[in-house]
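Enquirer: No sequence on hand, only this structure:
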């Protein structure tokens, strides 16, 4: 267990044929079995879901976003209303991203200095903001997050080596400042390894962060356009420098294949908008591949999305009905599709955990791969 | 009880101080206490709600729309998939409107002849359609509706007397053809009294319909722009010609005040998009009046929408959170707001039924009126 009073990580089992591992996170808001997928609730709601829906799906931890909540409705307002858990009526654990990625991708104007990130936002009519590493931690502490992510710079792909070097070193210095600013005992602060596609920078960054002894370590800057093989290689390479006894989090990943590949490389935690966003766009996950519900072939299809699926949507609704809702623009489409996709992701993680416990992860991974590539 | 095998109406109590009455509808999909409000599920879904949500709210009957379902996804498709109840996974009763009102208000082109209504729709790229009284009944029988409404013409307000006379007489002839076409024993066919604001036409139409002995009688063509006092007068006048032992349905009504005023005039059944549509627009009902959740005054308001409300939304969420969801355009806003507004409507009907049973309807009506007019 780590030093923090309420936060901890136990390693429970290690796969023989890969670096996959079974573990358990302890948080002030419950225990979470790993490897775990964290559904994304950017603006204090997993889109279209109630907290009760999330509990029924078996989610124990969700991700929210400090950048978005800082801008609207404001972290101090949320703190004054009793914190993010109470605000959104979510009893489980919450990891907040600092919003480094969003700062660069969503701001109207964004300038990085050693001090922090200066930006303007369309949300408040172009007001100027400065987020420093210290402020990023303060925001997340005000929200009452169980797991806090430091401010980092997410490198674009491709990035020149010199730029990547300077950026990664600054991210390491920012991590140090975040660590110094973190003074809330019941929250856990993770470190984020950056370094782009440069293995020496990944190593350097990991080693710098290790000196600071974070409660967990994230691999950041993935899935920004680099080839899949390169992404998996960077994950494997980075994990090699991370301690066994701390949780490892691959930020922003991923597709079902990514989950398998990164679990096999020793990752414990994932988050991605894919299941929720795809759901709203009518793209539904099945173990055979993705199903695009708007296609005319489903118009009179009485079957559920997936015969083997045990989710609420598959137990009660036909593809024909789901297609009707989707093409009619009905709100219920987003909800039923999101239930299905999140169930698929969370159930996949349950299967992965069971397989690690039973030493059958390699078979599960192989079986999944052979079925999943057949797209419908 | 009426003649139909599965459908019936029992009159259980009559208010002393008004024409309000307590009753019970028996349908092939359960019993429904009246006066009842039927939430609107136009396109085979009460917007943003699952059937389980509706059951938890205490809804026993919902309204759907034959015109919309005929165009998309098609009534024959729904029939082939086992009917509307199965299609939308709703175990309760369903009343379908024939869509007369929608034909006139939503069609790109619409022409009425004695035969029926010719129209074009944008849904299918301007294809030409003809809905006759017989087809309207066939569509609803294919859907498997518990209560079927005949094809009628909903008069605009104002309408010239000569036009209203011709239209109302045609609506009566259409009702006769609907009656002749209705051959599904376990569904109930209602009659719709039209006549605009002309009392003699309302009387004439009611008397024509009575000869056909429908399972229930609707007052149609209300709330189309006429003054409230005139609407209530037409309701009262029309009800005078309707039999005691049959349910009476005021189509498309209404506001909370309308419910009280029309119950007092002997109406048993209501439907209206107001609670669901207002919810999606952030207008929330309370016993003190409507609350517009986007207003800045609610930004840091830790209180629920209504302190006395027992709905899921009020038990778990603050106005501040609901405002945040609404201004952020989150799907959950529509859902939580709809739960609240439907709970308000259905709870109001429960209060009304209890008050009729306890002979306190007049007090309830007076108390509601005196509180509700104070808008926040």
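Expert: Looks like it arrived, so ask away. What you see is a predicted model, and the numbers here were worked out from it, not measured in a lab.
Enquirer: May I have the phi/psi pair for residue A:285?
Expert: Torsion angles at residue A:285 (phi, psi; degrees, to the nearest 10) stand at phi -90, psi 140.
Enquirer: for residue A:207, what are its contacts?
Expert: residue A:241 (Cβ atoms under 8 Å, 6 or more residues apart in numbering or on different chains). From N, CA and C alone the C-beta is placed, and that goes for glycine too.
Enquirer: That should have said residue A:306, apologies.
Expert: Neighbouring residues of residue A:306 by Cβ under 8 Å, 6+ apart: A:286, A:287, A:288, A:291, A:314, A:340, A:344.
Enquirer: which one of these sits closest to chain B?
Expert: Distance to chain B, by Cβ to the nearest Cβ, is smallest for residue A:314 among the contacts of residue A:306, at 11.7 Å.
Enquirer: what helix or strand is residue A:70 on?
Expert: helix A:66-71 (DSSP states H and E).
Enquirer: Distance from the chain centre to that helix, please.
Expert: Remark: helix A:66-71 is offset 16 Å from the chain centroid, using Cα atoms, centre = their mean, to the nearest Å.
Enquirer: which is the next helix or strand following that helix?
Expert: Next along the chain from helix A:66-71, counting by DSSP H and E, comes helix A:75-80.
Enquirer: what does that next one rub up against?
Expert: Contacts of helix A:75-80 (Cβ under 8 Å, 6+ apart): A:44, A:66, A:69, A:84, A:87, A:138-140, A:142-144, B:299-300, B:320.
Enquirer: and what of stretch A:138-149?
Expert: Counting by Cβ under 8 Å, 6+ apart, A:7, A:27-29, A:61, A:64, A:66, A:69-70, A:75-76, A:78-79, A:83-85, A:93-98, A:100, A:131, A:137, A:178, A:181-184, A:186-190, A:192, A:215-216, A:218 sit against stretch A:138-149.
Enquirer: So which of the contacts of helix A:75-80 wins on neighbours?
Expert: Of all the contacts of helix A:75-80, the most densely surrounded is residue A:140 (33 neighbours; neighbours counted as other Cβ atoms under 10 Å in any protein chain shown).
Enquirer: Now that one: phi and psi?
Expert: Dihedral angles (degrees, to the nearest 10) for residue A:140: phi -70, psi -30.
Enquirer: what pLDDT does it get?
Expert: Looking at residue A:140, its pLDDT reads 98.
Enquirer: Just give the closest residue to it, not the sequence neighbours.
Expert: Using Cβ to Cβ, 6 or more residues apart in numbering or on different chains and skipping the chain neighbours, the partner closest in space to residue A:140 is residue A:148 (4.2 Å).
Enquirer: and the one you found, how far is that from chain B?
Expert: Going from residue A:148 to chain B by Cβ to the nearest Cβ, to the nearest Å gives 21 Å.
Enquirer: and if you look at residue A:73?
Expert: Taking Cβ to the nearest Cβ, one finds residue A:73 at 4 Å from chain B.
Enquirer: Then residue A:176?
Expert: Distance from residue A:176 to chain B, by Cβ to the nearest Cβ: 34 Å.
Enquirer: How many residues are close by the residue in the stretch 101-250 of chain A positioned nearest to chain B?
Expert: The stretch 101-250 of chain A approaches chain B most closely through residue A:123 (9.3 Å), counting by Cβ to the nearest Cβ. When neighbours are counted by other Cβ under 10 Å, residue A:123 registers 15.
Enquirer: sec struct for it, please.
Expert: At residue A:123 the chain is in coil, as set by DSSP: H, G, I helix; E, B strand; the rest coil.
Enquirer: next one: the one 3 residues further on
Expert: Classification of residue A:126 by three-state DSSP places it in coil.
Enquirer: Just want the phi and psi numbers for it.
Expert: phi 90, psi 20.
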